[in-house]
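Trainee: I'd like to go over a predicted model; first the sequence, then the structure.
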Amino acid sequence: MIRFDNVAKSFRKSRVLDAIHLEIGVAERVALIGSNGAGKTTLIRCLLGEYAFEGRVTINGRDPRQERTAVLGSIGFVPQLPPPLKMPVAQLIDFSAALCGTDPATIHALAGRLGLDLEPILSRPFVKLSGGMKQKLLIAIALGREARLLIMDEPAANLDPEARKIFFELLAERQDDTTMLISSHRLNEVSALVNRVIEMDMGKVVLDDRVADDVSLSGQFACRIAIKRNEAAFAKAMQAWNFRDLGDGMEWEGEVPGPDRLRFMGMTSRYVALISNYSLEESANGRSQ
Amino acid sequence: MKQLWLTAKLDIVESLRARWFQVYSLVFGGIVALLFLFGLTESRVLGFIGLSRLLVTYIQLTMAILPIFVLITTVRSVAGDREAGVYEYLLSLPVSLAAWFWGKILGRYLVIFLPVFAAMLLAVVIALVRGIEVPWGMFGYYTALLAVMAACFLGIGMLISALARSTDMAQGAAFVVWLTLLLFLDLILLGVMIQGKVSPEVAVTMALANPLQVFRTAALALFDPQLIVLGPSAYVILDLFGATGYKVFALVYPTVVGALAAVVGYQVFKRGDLP
């Protein structure tokens, strides 16, 4: 599917990518991790044919730079920072749908599934939307076409828990025939989404590892947490994850999406001194953690 | 072709929402309104009166403002969009680089030229309403001259945007280009001639290579066919081209300069880093 052959990129005297060799197969879900300046964004831009570089990148044997329209037509891209576009939401949808040969109604439907009602905001400039709305719209545009490769840079960073859950479901619907490259600063943000981890540092691949993906992208965990005393901050955090209060804020119950469980546990770890009971049970096969 | 129109439309919508466009339209509409307000149609210069007088003044003012306006707004928005990440996202969509670059030029050209043209049309409409005679020949040639001037500086602006890696650098370069063209207007060339360091032919050739000077001379030629105000340079120009020949040259040469700059800009753009 994707092949990097001895890819190198320099900006003036600074070598940002150095002799990258990689092969990524169909339906692989890859986490591209590394600190700032590791070369993740540069690698993605080379893959999108946006940078001139040494070496060769091919997607299904085609050069994304030389055969832009053919290659990019099958790629869905979600950037880390939404572009400051002044155009109205409706025009952005129509523009991308027209270029990708898709129906804007598909993008509308996907945005709706992510909890973004497009009708009231169609005439609003994209740049004036909130961070979460922008992210949902960009995801809907990326997934609203026949993409065989999804490239996403911190895609769920601005999403609320409910939208994250739907987002994971949307990815699950495509996981059998779509290759995914998900970039993030931290592994725990994306680890549950992927079956391969590529870590970059100083422009080189320093780790390339397959990981177990026992939990499906659409898996759910039933969670119940009891605490020793009522705490407003904890209650607020639980409500943000759509948990139900079972009595005076002392006991909480809810569902955690499988791919989000690490993130959830990371959040609850802040209240570890407060927690008296904690159960997390996978809904599908009943396995507990 | 579909991609080109989509990109052009995108650029038009983005520009219409930008503050620079509102200021730009206001400036040119404002100039015409002010010229009428101050009664320029009633005043007389070199025998010109009525709408001709107003158009002469309008084009002189436009020549002072349009080039720097086009250069700065083009490099600011093109280089600014690239810096802000707009290119990273929009160029991840399946649009060819040719459609993107030329579509952007087309959209921007319409946005730049239409307010200037609309201001001229406004002048004509007001003249017709007031019963002032409209010099259609002059109106047509000045319109063509403005269209060519916009194309010329848009091409140069796109070249600078393709070469510069940051908005600051692009703005600085655009300003230097404009200043250089301004410095080589005929007054300085005449000064050089007076000192006798270059031959008149070389000085006039340099003047004719400067699009700003070409426009200025062509605008002057309409109400001063002998180019008396240019002094000795006029002999060289009129001997070389003739009055009609120079009018044609003033339309063709800047178009070629703008087109060449745009073509070089496109080559730089498609071979380099896009975002």
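Mentor: Arrived safely, thanks for sending.
Trainee: how about residue 266, what does it touch?
Mentor: Since no chain was named, I'll use chain A. A:Gly266 makes contacts with A:Asn188, as judged by Cβ atoms under 8 Å, 6 or more residues apart in numbering or on different chains. C-beta here means a position set from N, CA and C on the backbone, and glycine is covered the same way.
Trainee: meant chain B actually
Mentor: B:97-98, B:101-102, B:158, B:162.
Trainee: which of those residues has the most neighbours?
Mentor: Using other Cβ atoms under 10 Å in any protein chain shown as the neighbour criterion, B:Met158 leads the contacts of B:Tyr266 with 27 neighbours.
Trainee: and that residue, what is it in contact with?
Mentor: B:74, B:78, B:101, B:104-105, B:261-262, B:265-266.
Trainee: make a markdown table out of these and add distance to A:Val197 and secondary structure.
Mentor: As requested, the contacts of B:Met158 are exported to a markdown table (distance: Cβ to Cβ, whole Å; DSSP: H, G, I helix; E, B strand; the rest coil):
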| residue | distance to A:Val197 | secondary structure |
| --- | --- | --- |
| B:Thr74 | 44 | helix |
| B:Val78 | 38 | helix |
| B:Phe101 | 38 | helix |
| B:Lys104 | 39 | helix |
| B:Ile105 | 44 | helix |
| B:Ala261 | 48 | helix |
| B:Ala262 | 46 | helix |
| B:Gly265 | 42 | helix |
| B:Tyr266 | 40 | helix |
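Trainee: which residue ranges form the helices in the stretch 51-200 of chain B?
Mentor: Counting by DSSP state H, counting those that start in this stretch, the segments of the stretch 51-200 of chain B that form helices are B:51-84, B:86-90, B:97-130, B:136-163, B:167-183, B:186-195, B:200-209.
Trainee: on that earlier part again, so which of the contacts of B:Met158 sits lowest on pLDDT?
Mentor: Minimum pLDDT for these is recorded at B:Val78 (84).
Trainee: A:Ile182 contacts A:Leu32, doesn't it?
Mentor: Yes: here A:Ile182 reaches A:Leu32: they are 6.7 Å apart, a contact under Cβ atoms under 8 Å.
Trainee: more neighbours: the two, which one.
Mentor: A:Leu32 (28 against 23).
Trainee: make sure the more buried one is indeed in a strand.
Mentor: Yes: assigned with DSSP: H, G, I helix; E, B strand; the rest coil, A:Leu32 falls within a strand.
Trainee: what does the worst-scoring helix or strand of chain A on mean pLDDT contact?
Mentor: Among the helical and strand segments of chain A, the one scoring lowest on mean pLDDT, DSSP states H and E is helix A:187-190, with a mean of 74. Residues outside helix A:187-190 that contact it (Cβ under 8 Å, 6+ apart) are A:31, A:33, A:154, A:156-157, A:182, A:184, A:197, A:199, A:262-263, A:266.
Trainee: buried ones in the next helix or strand after it, by neighbour count?
Mentor: Later in the chain than helix A:187-190, the nearest helix or strand by DSSP states H and E is strand A:196-201. Under the neighbour-count criterion of 16 or more other Cβ atoms under 10 Å in any protein chain shown, strand A:196-201 has A:196-200 buried.
Trainee: what packs against the next helix-or-strand element following strand A:196-201?
Mentor: Where DSSP H and E defines the elements, the next helix or strand beyond strand A:196-201 is strand A:204-210. Contacts defined by 3 or more Cβ pairs under 8 Å, 6 or more residues apart in numbering or on different chains; DSSP states H and E place strand A:204-210 against strand A:14-24, strand A:196-201.
Trainee: what's the angle from strand A:204-210 to strand A:196-201?
Mentor: Put simply, strand A:204-210 runs at 160 degrees to strand A:196-201, going by axes from the mean of the first three to the mean of the last three Cα atoms, to 10 degrees.
Trainee: what residues are up against the residue most central in space within chain A?
Mentor: The residue lying closest to the centre of chain A (Cα atoms, centre = their mean) is A:Pro155, at 3.3 Å. Neighbour list for A:Pro155: A:78, A:135, A:139, A:167, A:182 [criterion: Cβ under 8 Å, 6+ apart].
Trainee: overlap in contacts, A:Ile182 and A:Leu32.
Mentor: Residues touching both A:Ile182 and A:Leu32 (Cβ under 8 Å, 6+ apart): there are none.
Trainee: and the closest residue to B:Pro135 other than its chain neighbours, how many neighbours?
Mentor: In space, and not counting its chain neighbours, B:Pro135 is closest to B:Ser52: 4.8 Å by Cβ to Cβ, 6 or more residues apart in numbering or on different chains. Neighbour count of B:Ser52, defined by other Cβ under 10 Å: 23.
Trainee: cool, B:Ala221 as well?
Mentor: 22.
Trainee: got it, and B:Leu51?
Mentor: 25.
Trainee: give the contact list for it.
Mentor: Contacts of B:Leu51 by Cβ under 8 Å, 6+ apart are B:41, B:123-124, B:127, B:132-135, B:139.
Trainee: quick check, pLDDT for it.
Mentor: 74.
Trainee: ditto for B:Ala209
Mentor: pLDDT, read off for B:Ala209, is 88.
Trainee: quick check: which ranges of the stretch 101-250 of chain A have low pLDDT?
Mentor: A:212-216 (pLDDT under 70).
Trainee: ranges for the helices of it?
Mentor: Using DSSP H, counting those that start in this stretch, helices in the stretch 101-250 of chain A cover A:104-113, A:131-143, A:161-174, A:187-190, A:232-240.
Trainee: what does the pLDDT read for the closest residue to A:Asp176 other than its chain neighbours?
Mentor: Nearest residue to A:Asp176 in three dimensions, chain neighbours excluded: A:Ala27, at 6.0 Å (Cβ to Cβ, 6+ apart). For A:Ala27, the pLDDT comes out at 88.
Trainee: what residues does chain B have near chain A?
Mentor: Within chain B, the positions adjacent to chain A are B:2-3, B:6, B:9-10, B:13-14, B:17-18, B:84-97, B:271-275 by Cβ under 8 Å from any Cβ of the partner chain.
Trainee: buried among these? Make that a PyMOL selection.
Mentor: The buried residues among those can be selected in PyMOL (16+ other Cβ under 10 Å) with this line:
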select buried, chain B and resi 3+6+9+10+13+14+18+84+85+86+87+88+89+90+91+92+93+94+95+96+97+273+274+275
